[in-house]
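Asker: how would this look folded up:
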Amino acid sequence: MNSRLKTIFLIALAIMIFGESKSQEIYNFSTQSNPEDWFVVDDRVMGGRSQGRMQVTQDGHAIFEGKVSLENNGGFSSVRYRLDKMSTSGNSVFKIRVKGDKKNYQFRVKSSPSERQSYVYEFSTSDQWEVIEIPFKDMYPSFRGTILAMPNYPGQQLQECSFLISNKKNESFRLEIDRIWME
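Answerer: Numbers count the residues shown, from 1 in each chain. The predicted model follows:
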């Protein structure tokens with residue numbers, strides 16, 4: 001069998017065994033994106049002094065930036081996006097294309113806005129564009145910084161996603177976001 005036929009055969013076999021990947025767009029930033037689709041939630045809701053903001057650049061990327069302050073028991077800044085209920089079945093991984101500042105961030109999801117817990121995945125950034133893969137099975141449940149004794153993200157549906165920074169130090173931050181999707 002020649003190498004081209006062998007490749008086609010292996011791809012067909014993989015699809016039969018594992019099923020076809022179903023890629024779904026969650027948010028793809030562009031120059032037409034409205035930064036008001038996203039809302040900032042800082043520790044100010046509890047009396048803290050951190051401050052984040054979200055904007056869209058002329059290149060069509062989002063920038064989530066600001067300062068985290070530990071003053072007054074603070075220490076976090078986040079930006080959230082609520083979407084219509086989206087089925088996640090048939091998918092097993094979130095993907096985000098980001099460029100950071102070499103700091104650690106969290107990607108968080110909720111199956112419903114009424115859920116207390118968020119499902120969290122912590123990741124490090126570099127100063128280069130990169131795609132970070134976030135397996136559903138690795139997203140642990142958390143509420144106000146406490147890991148909960150319940151199963152990891154069930155991967156049934158999605159209604160909210162967010163980015164959060166909370167590194168337990170006073171710091172400026174800047175995270176560029178290009179695209180969020182799942183496969």
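Asker: tell me who's in contact with the nearest residue to S162 once chain neighbours are set aside.
Answerer: Nearest non-adjacent residue to S162, counting by Cβ to Cβ, 6 or more residues apart in numbering: R80, 4.0 Å away. In this view, the C-beta of every residue, glycine as well, is placed from N, C-alpha and C. By Cβ atoms under 8 Å, 6 or more residues apart in numbering, the contact set of R80 is W38, F39, V40, V41, E160, C161, S162.
Asker: what does V41 give?
Answerer: V41 neighbours (Cβ under 8 Å, 6+ apart): S77, S78, V79, R80, S162.
Asker: can you list the residue ranges for helices in this structure?
Answerer: Assigned by DSSP state H, the helices in the chain fall at 3-18.
Asker: from E122, how far off is the residue most central in space within the chain?
Answerer: Nearest to the geometric centre of the chain sits F107, at 3.5 Å (Cα atoms, centre = their mean). From F107 over to E122 the distance is 8 Å, taken as Cβ to Cβ, to the nearest Å.
Asker: wait, isn't V98 in contact with D178?
Answerer: Yes. With contacts counted by Cβ atoms under 8 Å, V98 reaches D178, the gap being 6.9 Å.
Asker: if I look at those two, which residues touch both of them?
Answerer: W129.
Asker: more neighbours: those two, which one.
Answerer: Counted by other Cβ atoms under 10 Å, V98 and D178 do not tie: V98 has more neighbours, with 24 against 18.
Asker: skip the chain neighbours and tell me the closest residue to the more buried one.
Answerer: Nearest to V98 is I177, by Cβ to Cβ, 6+ apart, at 5.4 Å.
Asker: tell me how many other residues crowd the one you found.
Answerer: I177: 21 neighbours (other Cβ under 10 Å).
Asker: contacts only, for the residue lying closest to T57 once chain neighbours are set aside.
Answerer: The spatial neighbour of T57 that comes closest, neighbours along the chain excluded (Cβ to Cβ, 6+ apart), is I63 at 6.1 Å. When contacts are counted by Cβ under 8 Å, 6+ apart, I63 touches M54, Q55, V56, T57, R174, L175, E176, I177.
Asker: can you check the pLDDT for the third one?
Answerer: V56 is assigned a pLDDT of 95 by the prediction.
Asker: and the gap between L164 and W129?
Answerer: To W129, L164 is 21 Å away according to Cβ to Cβ.
Asker: these two - which one has more neighbours?
Answerer: Applying other Cβ under 10 Å to L164 and W129 shows that L164 carries more neighbours, namely 20 against 12.
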